[in-house]
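Engineer: Quick one, structure for this:
(one chain, ligands or ions: 2)
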Amino acid sequence: MSSKNNAASEIVVQLKGVSKIYRMGEERIVALNDVNLDFYKGKIYCLLGVSGSGKSTLLNIVAGLEKPTKGEIIFKGRDIGRMSERRLALFRQRYIGFVFQQYNLMPTLTALENTTLPLIFRRMSKRVRNKKAMAMLQAVGLGERYKHRPSQMSGGQQQRVSIARAFVNDPQIVFADEPTGNLDTKTTTEMMNLICGMAKKHNQMMILVTHNLELSKYCDEIIYISDGKIEKIEDVSAQKVEIGDADFGISN
Ligand code: ADP
Ligand code: MG
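Structural biologist: Ligands and ions are numbered 1, 2, ... in the order given. Sure, this is the predicted structure:
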């Protein structure tokens with residue numbers, strides 16, 4: 001990838017004075033309170049906070065799934081918060097990869113079909129889409145199971161498919177919202193190595209959302225969030241576990 005050289009200084013997304021207030025009848029819920037953050041290329045962030053602290057709201061706003069009440073989210077010189085729904089859909093398709101706690105796979109589609117989904121909107125033949133998706137499934141160790149549907153796979157295997165789908169389009173931003181919340185300890189370690197290894201190999205920025213401090217050892221920085229406010233940002237890159245810069249067999 002050509003942009004590897006300036007990895008240290010390139011900002012991918014910038015949040016400026018972002019607030020989100022939900023109104024429930026008379027009640028005002030401040031989900032985000034004047035958040036200012038810079039996210040850099042090639043870095044893995046751990047967004048850490050208890051349930052209800054605003055983690056998902058922050059992710060949804062950066063992904064353009066929700067509008068901020070106040071503030072700007074700058075990506076490639078544009079404010080995501082002001083984009084039309086049509087542009088936002090394009091932005092997500094082109095630049096964002098998601099890994100969810102519940103995997104969010106389409107139950108009627110095979111592993112291969114689920115993995116090709118983010119490529120459907122690209123000008124790409126079906127043959128090329130399948131080839132890329134197949135390479136990703138091999139990279140996550142599921143090459144043999146490309147014909148399986150979600151109900152025919154374990155939780156860990158389904159999460160592997162969702163990881164393949166998140167990375168197949170070479171996204172600039174990867175969101176992982178409690179990606180190991182439903183998995184046992186051994187599978188959690190495997191998944192964290194896989195997700196973080198992928199992001200590292202392709203020099204992508206990733207935001208890992210969790211309430212589990214243990215997972216921060218895979219990350220470069222911990223962003224502590226509490227009651228919608230950023231409490232502290234801690235650089236933990238020196239304590240980071242060694243994630244093999246393994247060749248997962250992707251050749252795109
Ligand atoms: P987390 O992901 O850290 O658990 P959330 O971002 O989901 O936290 O929620 C932050 C706060 O905003 C919580 O108090 C939650 O109840 C509230 N909230 C989230 N989404 C909505 C919504 N759509 N309507 C009203 N309140 C919401
Ligand atoms: Mg949440």
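Engineer: Run a quick check on Ile195 versus Phe98, I expect a contact.
Structural biologist: No: taking C-beta atoms under 8 Å as the definition, Ile195 is not a contact partner of Phe98, at 11.5 Å. From N, CA and C alone the C-beta is placed, and that goes for glycine too.
Engineer: and those two? which has more neighbours close in?
Structural biologist: Ile195 (28 against 20; other C-beta atoms under 10 Å).
Engineer: Now do the more buried one against Ile44, distance only.
Structural biologist: Noted for Ile195: a distance of 9 Å to Ile44, by C-beta to C-beta, to the nearest Å.
Engineer: Please identify every residue contacting each of the two.
Structural biologist: When contacts are counted by C-beta atoms under 8 Å, 6 or more residues apart in numbering, Ile195 and Ile44 are jointly contacted by Met206, Leu208.
Engineer: Which SSE is immediately downstream of the longest helix seen in the chain?
Structural biologist: As assigned by DSSP state H, the longest helix anywhere in the chain is helix 185-201. Later in the chain than helix 185-201, the nearest helix or strand by DSSP states H and E is strand 205-210.
Engineer: what comes into contact with the helix or strand following that following strand?
Structural biologist: For strand 205-210, the following helix or strand on the C-terminal side (DSSP H and E) is strand 221-226. Defining contact as C-beta under 8 Å, 6+ apart, one finds that strand 221-226 is touched by 37, 43-50, 53-55, 58, 216, 230-237.
Engineer: element containing the closest residue to ligand 2 within the stretch 51-200 of the chain?
Structural biologist: Distances between the stretch 51-200 of the chain and ligand 2 by C-beta to the ion are smallest at Ser56, namely 3.2 Å. Following DSSP H and E, one finds Ser56 within helix 55-62.
Engineer: list the helices and strands that helix packs on?
Structural biologist: Under the contact criterion of 3 or more C-beta pairs under 8 Å, 6 or more residues apart in numbering; DSSP states H and E, helix 55-62 touches strand 11-24, strand 27-40, strand 44-48, strand 173-177, strand 205-210.
Engineer: I'd like the ones you listed written out as CSV, with distance to Ile80 and mean pLDDT added.
Structural biologist: Listed next are those as CSV, based on distance: least, C-beta to C-beta, whole Å; pLDDT from 0 to 100:
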stretch, distance to Ile80, mean pLDDT
strand 11-24, 8, 97
strand 27-40, 12, 97
strand 44-48, 17, 97
strand 173-177, 11, 95
strand 205-210, 14, 96
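Engineer: In JSON lines: these, plus mean neighbour count.
Structural biologist: What follows is these, written out as JSON lines (neighbours: other C-beta atoms under 10 Å):
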{"stretch": "strand 11-24", "mean neighbour count": "16"}
{"stretch": "strand 27-40", "mean neighbour count": "16"}
{"stretch": "strand 44-48", "mean neighbour count": "24"}
{"stretch": "strand 173-177", "mean neighbour count": "24"}
{"stretch": "strand 205-210", "mean neighbour count": "25"}
